[in-house]
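K.L.:
build me a structure from this.
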Amino acid sequence: MDYYQLLFAVGAIFLAVYYYYTSVYNYWKNRGIPGPKPSMLTGNIMGPLTPKTCLATAVKKWYDEFKNEPLFGIYEGQTPVLVVNDLELVRDVFIRDFSVFMDRGTKIFDKIEPLTQHLAFLEPKRWKPLRPKLSPVFTSGKMKEMFPLIAECAGNLENLLDKVASSEEPVNCRDMTVKFTIDVIGSCAFGINTNALADENNEFQAMGKKLSDSSLKQIVRESCKQYAPSLFKLIGGYLRTKEIDDFFIDLVRDTMNYREEHNVFRPDIIHLLMELKKHPEKIENIELTDSLLTAQAFVFFAAGFHTSSLTMGHVLYELAQHQDIQDKVRQEIRNVHKSGETLNYEDVKEMKYMEKVFNETLRKYPIAPRLTRVAMEDYTFKGTKLTISKGTKVLIPVYGFHYDPDIYPDPEKFDPERFNEEAVAARHPMTYQPFGSGPRNCIGARFARYQSKVGLATILRNHKVDVCEKTMIPYEPDPRSPILIPKRSIYLKLSRVAN
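P.N.:
Coordinates of the predicted model:
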């Protein structure tokens, strides 16, 4: 009798658990919203512990299946997430009703991960007063002031190129572009000559490698944050990247102290942060701790290490496969950047075809395949009967838009002419989202464009990139990463071309 009672109890527990999870996954169905079938526990988005399909591929698959629906629902674990397809509703989320969708929904644990307190992640309460104080460093005027710092790093890159070309060995493009962007960010954000292009063992590059490390510790940390935030509060201290945190916090503090003591001025982010620290009364209700200030500089290091270097690598990858486009880019660079002259801010602005190539690369390889916002109050989508409750996460399927053949015909083709003025004007502005839209778009977009184009102009003016036996064709994204990165390093052949 005890055996049957035990069996009955186990069965009852199983049915209770099964009912709980299946009822969770009826959330969108009960509201008349279609969506792909979720998996038990993980929902529709596989976590870093169970990578099977890269996020970009998943976003495109959902979008293709439900592209005729203005809205559809998915599940992140057991959390319901609403996907917005209708472009006018996307505009509402990003711009018209921005006050409702100001929150990006990123969980921040200040004490465990102090350097996540940056503009990209901050909750609206701190983001709103801080953003306008940091925006001035990315105006056209400030970019002109910082441009000589970027040009100096480009000179160091040029010294490396002939060495790489003369070796006749395949070059890891990401390795080369990472070194360049580290040097630029080190100079423009931290006021430090990192010398990454010449020194294989520089500390900034070591920190970058630790930052992108896909170790078991990192996987557990990210999974715990996503699926068990309450548990992360308890054990997160054992999983933190203390070495990275301490390095950057000490670096910013020491740099500020040195400049203060020696009356040093540089037109960079550290100077802006110093001004904020001197006048904390200008930002209400925010404690300007060393970690909060450091986080604002750190985010540009992380962005440079990941996004800008990846985009430069993707540009070179496409140009190696399209020599006619590469030749056209090179000719434009040479027409603008005369031999023996130093590249300047206005030169880069004149490179209109380079801009098209850059934009088309970001269409094919958007670093963030999705963008998220969280409703800060109950909200009814215009023209629908759907009202979402406060705290509901909303997802914008960037990768789906970028590969929709009704928006971008033959989307697998690399075609910079998609970004002619006439073609851009004919498309809905929400169909292209490499940096987001509205007040909470990427604050460093202008900086990212300029540093990337300066690096590319330096590489392509006197050098040619070709595919080689080690080039990954076709392109394969890494299924473990939430951002769009290649599964394997991109190797190309670099050779010098005649002037």
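K.L.:
what residues of stretch 419-429 count as buried?
P.N.:
Neighbour-count burial for stretch 419-429, counted by 16 or more other C-beta atoms under 10 Å, picks out F419. In this view, the C-beta of every residue, glycine as well, is placed from N, C-alpha and C.
K.L.:
scratch that, stretch 352-359
P.N.:
In stretch 352-359, counting by 16+ other C-beta under 10 Å, buried: 353-359.
K.L.:
go ahead and name everything in contact with that stretch.
P.N.:
With contacts defined as C-beta atoms under 8 Å, 6 or more residues apart in numbering, stretch 352-359 is touched by 311, 315, 318-319, 325, 328-329, 332-333, 348, 416-420, 432, 434, 449, 452-453, 456-457.
K.L.:
buried among those residues? Need that as a selection in ChimeraX.
P.N.:
Per 16+ other C-beta under 10 Å, the buried members of these correspond to this ChimeraX selection:
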select :311,315,318,319,325,328,329,332,333,348,416,418,419,432,434,449,452,453,456,457
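K.L.:
could you list which of the contacts of stretch 352-359 belong to helices?
P.N.:
If you go by DSSP state H, the contacts of stretch 352-359 have 311, 315, 318-319, 325, 328-329, 332-333, 348, 449, 452-453, 456-457 in helices.
K.L.:
which one of the residues you listed is nearest E158?
P.N.:
Looking at the ones in helices among the contacts of stretch 352-359 and their distance to E158, the nearest is A457, at 10.3 Å (C-beta to C-beta).
K.L.:
contacts only, for the closest one.
P.N.:
By C-beta under 8 Å, 6+ apart, A457 lies in contact with 154, 333, 337, 343, 348, 351, 354.
K.L.:
let's see 6 Å
P.N.:
I333 (C-beta atoms under 6 Å, 6 or more residues apart in numbering).
K.L.:
and Y27, by the same measure?
P.N.:
Counted by C-beta under 6 Å, 6+ apart, Y27 has contacts P80.
K.L.:
can you tell me how far K144 sits from Y408?
P.N.:
Look at K144 and Y408: by C-beta to C-beta, to the nearest Å, they are 33 Å apart.
K.L.:
swap that for F72, sorry
P.N.:
Per C-beta to C-beta, F72 is found 21 Å from Y408.
K.L.:
where in the stretch 101-250 of the chain is pLDDT low?
P.N.:
Within the stretch 101-250 of the chain, the segments meeting pLDDT under 70 span 213-216.
K.L.:
so what touches stretch 360-376?
P.N.:
For stretch 360-376, contacts defined as C-beta under 6 Å, 6+ apart pick out 55-56, 59, 93, 100-101, 103, 105, 307, 314-315, 388, 390, 392-396, 398-399, 402, 416, 418, 434, 436, 483-484.
K.L.:
meant to ask about stretch 78-91, not that
P.N.:
24, 27, 70-74, 381, 393-397, 428, 430.
K.L.:
what's the first-to-last distance across that stretch?
P.N.:
End-to-end distance for stretch 78-91, by C-alpha to C-alpha, to the nearest Å: 27 Å.
K.L.:
what separates it from the chain centre, distance-wise?
P.N.:
Centroid displacement of stretch 78-91 relative to its chain, using C-alpha atoms, centre = their mean, to the nearest Å, is 20 Å.
K.L.:
same deal with stretch 415-433?
P.N.:
The answer for stretch 415-433 is 21 Å, by C-alpha atoms, centre = their mean.
K.L.:
count the neighbours of the closest residue to D97 other than its chain neighbours for me.
P.N.:
Distances taken as C-beta to C-beta, 6 or more residues apart in numbering place Y379 nearest to D97, at 7.1 Å, with adjacent residues excluded. When neighbours are defined as other C-beta atoms under 10 Å, Y379 has 19 of them.
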